[in-house]
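J.: Provide a 3D model corresponding to the input given below.
(one chain, ligands or ions: 2)
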Amino acid sequence: MFAARQSFNLFQKRAFSASASQASKVAVLGAAGGIGQPLSLLLKLNPRVSELALYDIRGGPGVAADLSHINTNSTVTGYQPDASGLRDALKGSEIVLIPAGVPRKPGMTRDDLFNTNASIVRDLAKAAAEASPEANVLVISNPVNSTVPIVSEVYKARGVYNPKRLFGVTTLDVVRASRFISQTQGTNPSNEKVPVVGGHSGVTIVPLLSQSGHPSLAGEARDALVNRIQFGGDEVVKAKDGAGSATLSMAMAGARFAESLLRAAQGEKGVVEPTFVDSPLYKDQGINFFASPVELGPNGVEKINDVGAVNEYEQKLLDACLVDLKKNIQKGVDFVKANP
Ligand SMILES: NC(=O)C1=CN([C@@H]2O[C@H](COP(=O)(O)OP(=O)(O)OC[C@H]3O[C@@H](n4cnc5c(N)ncnc54)[C@H](O)[C@@H]3O)[C@@H](O)[C@H]2O)C=CC1
Ligand SMILES: O=C([O-])CC(=O)C(=O)O
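T.: Ligands and ions are numbered 1, 2, ... in the order given. Modelled structure (predicted):
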């Protein structure tokens with residue numbers, strides 16, 4: 001009896017210390033939006049999240065009240081732009097996801113969102129640099145190729161930049177690639193892995209089909225698939241006809257990335273996600289950020305994988321990508337210099 005009680009106590013202790021060491025606060029900035037709401041729902045369903053902080057310039061408390069009735073263990077709190085709302089949402093966060101900002105309408109490029117979203121992301125980054133400088137920052141707001149450098153410049157100016165903790169979320173590109181290739185091949189998408197590197201807009205999105213399970217894809221079939229992956233976002237923008245861009249698939253992709261970071265933070269090895277990070281791969285060409293498969297760890301970025309072997313066709317795609325990417329990155333850097 002005594003022995004049984006002792007081992008029960010030990011079990012309780014272990015269970016407590018396991019959950020205590022895994023307490024993870026996650027903040028969503030822009031939580032009441034098209035992406036923010038389903039993303040927050042998926043995070044509420046994730047047992048690795050212990051505290052969910054939902055901030056938006058409007059509607060945060062309503063979304064939080066709604067989600068807080070779901071019978072999972074995490075607490076959910078909504079914050080608004082009052083005296084300390086943003087700071088309180090950020091304080092103590094392990095992960096900060098930023099889907100705040102305007103989405104595209106038909107006929108627009110992601111770069112057309114720059115004028116509105118650059119200052120939104122800059123201001124949220126300022127608040128995060130102050131309140132949660134050590135958090136992993138996951139930037140969803142477009143144009144990602146420019147908004148990620150904006151966050152890095154804001155952090156640098158405050159002396160708190162840690163390149164291992166800043167991520168542009170490009171997960172949706174590989175999610176699409178795996179689905180689209182499975183549709184052409186009649187296969188199960190969960191078995192299809194297609195690396196996508198570069199950035200997150202148009203020709204900066206570079207799918208590497210030669211490294212997929214279908215390396216011999218060629219000709220028109222290959223061109224059509226590559227084009228669909230590069231411009232998949234446009235399909236949704238067109239179908240939504242003025243009501244925005246991808247929200248539900250993006251929420252799934254963002255939740256997957258956050259889950260991967262939490263798994264890696266909690267000690268799982270070999271967690272790899274594609275993401276747009278401060279990267280050495282093309283620095284010699286003046287390109288400081290690049291998306292490639294990145295191994296995640298307790299400190300954020302653990303190891304940046306290079307693009308691997310590419311064929312001639314893919315090299316041409318990469319060359320075109322680098323031209324645009326360089327301009328997009330510089331635009332973000334220049335914006336913060338001119339508008340600190
Ligand atoms: N990285 C990616 O793969 C993807 C990125 N996106 C981008 O995500 C962004 C958001 O898209 P949606 O959710 O569809 O837009 P949305 O308009 O539905 O939601 C945006 C939310 O941000 C809020 N917001 C605006 N300014 C804010 C601020 N200063 N602080 C906090 N919240 C603020 C708004 O109140 C709104 O609730 C867009 O820039 C879109 O282009 C969209 C899909 C995929
Ligand atoms: O297309 C857009 O504007 C939104 C986005 O980034 C995507 O769906 O990949």
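
J.: low pLDDT regions in this protein?
T.: Segments of the chain classed as low confidence (criterion: pLDDT under 70) are 1-21.

J.: Spatially nearest residue to the residue most central in space within the chain (excluding sequence neighbours)?
T.: Compute the mean C-alpha point of the chain, and by C-alpha atoms, centre = their mean the closest residue is V169, 2.5 Å away. Beyond its immediate neighbours in the sequence, the residue positioned closest to V169 (C-beta to C-beta, 6 or more residues apart in numbering) is I140, lying 4.9 Å away. C-beta here means a position set from N, CA and C on the backbone, and glycine is covered the same way.

J.: do the same with N311
T.: Across the structure, with C-beta to C-beta, 6+ apart as the measure, the residue nearest N311 apart from its sequence neighbours is S210 (4.9 Å).

J.: now do D111
T.: P143 (5.2 Å).

J.: got it, and S50?
T.: Leaving out its chain neighbours, S50 is closest to A23 (C-beta to C-beta, 6+ apart), at 4.4 Å.

J.: Kindly report the same for A131.
T.: Closest residue to A131 apart from its sequence neighbours, by C-beta to C-beta, 6+ apart: L90 at 3.9 Å.

J.: contacting residues for that neighbour?
T.: With C-beta atoms under 8 Å, 6 or more residues apart in numbering as the criterion, the residues that contact L90 are A27, A53, Y55, V96, A127, A128, A131, S132, A135.

J.: ok, now K25?
T.: Neighbour list for K25: V49, S50, E51, L52, A53, G92, S93, E94, I95 [criterion: C-beta under 8 Å, 6+ apart].

J.: Buried ones in stretch 63-72, by neighbour count?
T.: For stretch 63-72, the neighbour count (16 or more other C-beta atoms under 10 Å) marks V63, A64, D66, L67 as buried.

J.: mind listing the helices for this structure?
T.: Counting by DSSP state H, the chain has helices at residues 2-21, 36-44, 60-67, 85-90, 114-131, 144-157, 171-185, 219-230, 232-240, 248-265, 312-338.

J.: Number of residues surrounding the closest residue to P133 other than its chain neighbours?
T.: Excluding the flanking residues, the one nearest P133 by C-beta to C-beta, 6+ apart is V160, at 3.9 Å. A count of nearby residues for V160, using other C-beta atoms under 10 Å, gives 15.

J.: Repeat that for the one 10 residues further on.
T.: Residues contacting T170 under the criterion other C-beta under 10 Å number 28.

J.: Repeat that for K326.
T.: Residue neighbour count, defined by other C-beta under 10 Å, stands at 18 for K326.

J.: my guess is it contacts F289, does it?
T.: No - under the criterion of C-beta atoms under 8 Å, K326 makes no contact with F289, lying 9.9 Å away.

J.: among the contacts of L90, which are in reach of ligand 1?
T.: Restricting the contacts of L90 to those within reach of ligand 1 (C-beta under 6 Å from any ligand atom) leaves Y55.

J.: and of the contacts of L90, the nearest to G267?
T.: Proximity of these to G267, judged by C-beta to C-beta, is greatest for A135, which lies at 18.8 Å.

J.: give me phi/psi at that closest one?
T.: Main-chain torsions, A135, degrees, to the nearest 10: phi -70, psi 160.

J.: try the one 5 residues further on
T.: I140 has phi and psi values of phi -100, psi -30 when expressed as degrees, to the nearest 10.

J.: Surely it touches G33?
T.: No - taking C-beta under 8 Å as the contact criterion, I140 and G33 are not neighbours in contact, 9.9 Å apart.

J.: Tell me what the residue nearest to A65 when sequence neighbours are not counted is bridged to.
T.: Sequence neighbours aside, G78 is the residue nearest to A65 in space, at 6.7 Å (criterion: C-beta to C-beta, 6+ apart). For G78, the beta-bridge assignment (DSSP bridges) gives partners L54.

J.: Contacts only, for G78.
T.: Neighbours of G78 in contact, by C-beta under 8 Å, 6+ apart: A31, L54, Y55, G60, P61, G62, V63, A64, A65.

J.: Tally up the residues packed near the second one, please.
T.: The tally of other residues near L54 (other C-beta under 10 Å) stands at 33.

J.: Out of the helices of the chain, flag the one nearest A100.
T.: Comparing the helices of the chain against A100 with C-beta to C-beta, the closest turns out to be helix 114-131 (5.4 Å).

J.: now the angle between helix 312-338 and the closest one, please.
T.: Angular relation of helix 114-131 and helix 312-338 on a 0 to 180 degree scale: 70 degrees, by axes from the mean of the first three to the mean of the last three C-alpha atoms, to 10 degrees.

J.: any bit of helix 114-131 sitting next to ligand 2?
T.: No - contact of helix 114-131 with ligand 2 (C-beta under 6 Å from any ligand atom) is absent, the minimum separation being 10.8 Å.

J.: Show me what that helix is packed up against.
T.: If contacts are counted by 3 or more C-beta pairs under 8 Å, 6 or more residues apart in numbering; DSSP states H and E, helix 114-131 sits against helix 85-90, strand 95-98, strand 136-139, helix 144-157, helix 312-338.
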